[in-house]
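Colleague: A predicted structure for the sequence below; I have some questions about it.
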Amino acid sequence: VASARREAAAAFGDGTVFIERYVERGRHVEVQIFGDTFGTVAALGVRECSIQRRHQKIVEEAPGVVPPEVRERLHEAAVAAGRAVGYVGAGTVEFLLTPDGDIHFLEMNTRLQVEHPVTELCTGLDLVRLQLLVADGEPLPEEAVYAKTSGYAVEVRLCAEDPARGFRPATGVLHRFAVPGVSAEFGGLTRAGLRVDSGVVDGSTVAIHYDSMLAKVISWAPTRGEAARALAGALARAELHGVTTNRDLLVRVLRSPEFAAVEVDTGFLDRHPELFAPLVPSGRMPLYALAATLASAA
């Protein structure tokens, strides 16, 4: 405490220190809210964001598996936070959820989040359109004020990094980038319920100057299990050549029994090192390379 006080006083001119409760095996959940200039603040549902690396989310879900009474409390707390500051626009109120159902405020992100597509797919709302309407002085439409969710959506962040080496960022030329069943058009949603929001195409150079995320791959289905299976299958069959990615880790997470049972929290990856194994054992790679070469020649 004395050390923290000295550091705070030197950096900020204020040595005040506060202590907050340590939450063991907490879940990171959040509520998407929207406010307009007429004082309306609406909650558009809960998102589960517990699976993280380096305190950054890599798997996000909506509407989140939480008891109805907890969901109601989360909505009420998020709306109250928005109203307290007269918030206008898209925002996300984030919480830590304890195993016994207690909720603790973390922060509010005053912008559209990376994971907003899962909310869009479950509510049928275009959140970017809502931002523009509100910015133009329009009231939130009824479908947003009384938003209803349908089905379940899961999103993963496909990143140029090597999970087996401490998530070391990867660079190079992305010779091939294709997710089966998804058109090349950015943000395209297929009949199978798959969506890709991407910043790369075949031939893109992944440099050191920006975030490592290549794309967001999202699936929607009537149930959580179906959405996870569809997403895992699409990722496993995706053609990602030239740059190392976290694809294998994401597939293993989505296919793990613990994920299926919603046994998740912010320490999930730390407790499951087995998920870092590649989908294809390294010893088989020469055989696959030979087969690919022979197929190409034929």
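Modeller: Looks like it arrived, so ask away. Since the structure is predicted, the reported quantities are computational estimates derived from the model, not experimental observations. Numbering: from 1, shown residues only.

Colleague: Might you report the residue contacts of Arg157?
Modeller: Arg157 is in contact with Lys57, Ile58, Val59, Val114, Met213, Lys216, Asn246, counting by Cβ atoms under 8 Å, 6 or more residues apart in numbering. Any C-beta I mention is one placed from the backbone N, CA and C, and that applies to glycine too.

Colleague: An error on my part: the question was meant for Glu120.
Modeller: Counting by Cβ under 8 Å, 6+ apart, Glu120 touches Asp126, Leu127.

Colleague: Tell me which helix or strand it sits in.
Modeller: helix 116-123 (DSSP states H and E).

Colleague: Give me the distance from that helix to the chain's centre.
Modeller: With Cα atoms, centre = their mean, to the nearest Å as the basis, helix 116-123 stands 11 Å off its chain's centre.

Colleague: Heading C-terminal from it, find the next helix or strand.
Modeller: Using DSSP H and E, the helix or strand that follows helix 116-123 towards the C-terminus is helix 127-135.

Colleague: for this protein, which spans come out with low pLDDT?
Modeller: Scanning the chain for pLDDT under 70 picks out 182-192.

Colleague: CA atoms only: put the helix holding Glu120 into CSV for me.
Modeller: Taking C-alpha atoms only, helix 116-123 is exported to CSV below (Å, rounded to 0.1, in the frame of the first residue of the first chain):
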residue,chain,number,x,y,z
HIS,A,116,-21.6,-5.5,-31.6
PRO,A,117,-22.4,-8.0,-34.4
VAL,A,118,-23.7,-10.7,-32.0
THR,A,119,-26.2,-8.2,-30.7
GLU,A,120,-27.2,-7.2,-34.2
LEU,A,121,-27.8,-10.8,-35.3
CYS,A,122,-29.9,-11.6,-32.2
THR,A,123,-32.0,-8.4,-32.3
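
Colleague: quick check: angle from that helix to helix 127-135?
Modeller: 90 degrees (axes from the mean of the first three to the mean of the last three Cα atoms, to 10 degrees).

Colleague: residues in contact with the residue nearest to Thr223 when sequence neighbours are not counted?
Modeller: Distance criterion Cβ to Cβ, 6 or more residues apart in numbering; nearest residue to Thr223, sequence neighbours excluded, is Tyr152 at 5.9 Å. Counting by Cβ under 8 Å, 6+ apart, Tyr152 touches Glu61, Ala62, Pro63, Cys122, Trp220, Ala221, Pro222, Thr223, Arg224, Glu226, Ala227.

Colleague: among these, who's most crowded?
Modeller: Using other Cβ atoms under 10 Å as the neighbour test, the contacts of Tyr152 are led by Ala62, with 31 neighbours.

Colleague: ok, that one - contacts?
Modeller: Gly45, Val46, Arg47, Glu48, Glu115, Val118, Thr119, Leu121, Cys122, Thr149, Tyr152, Ala153.
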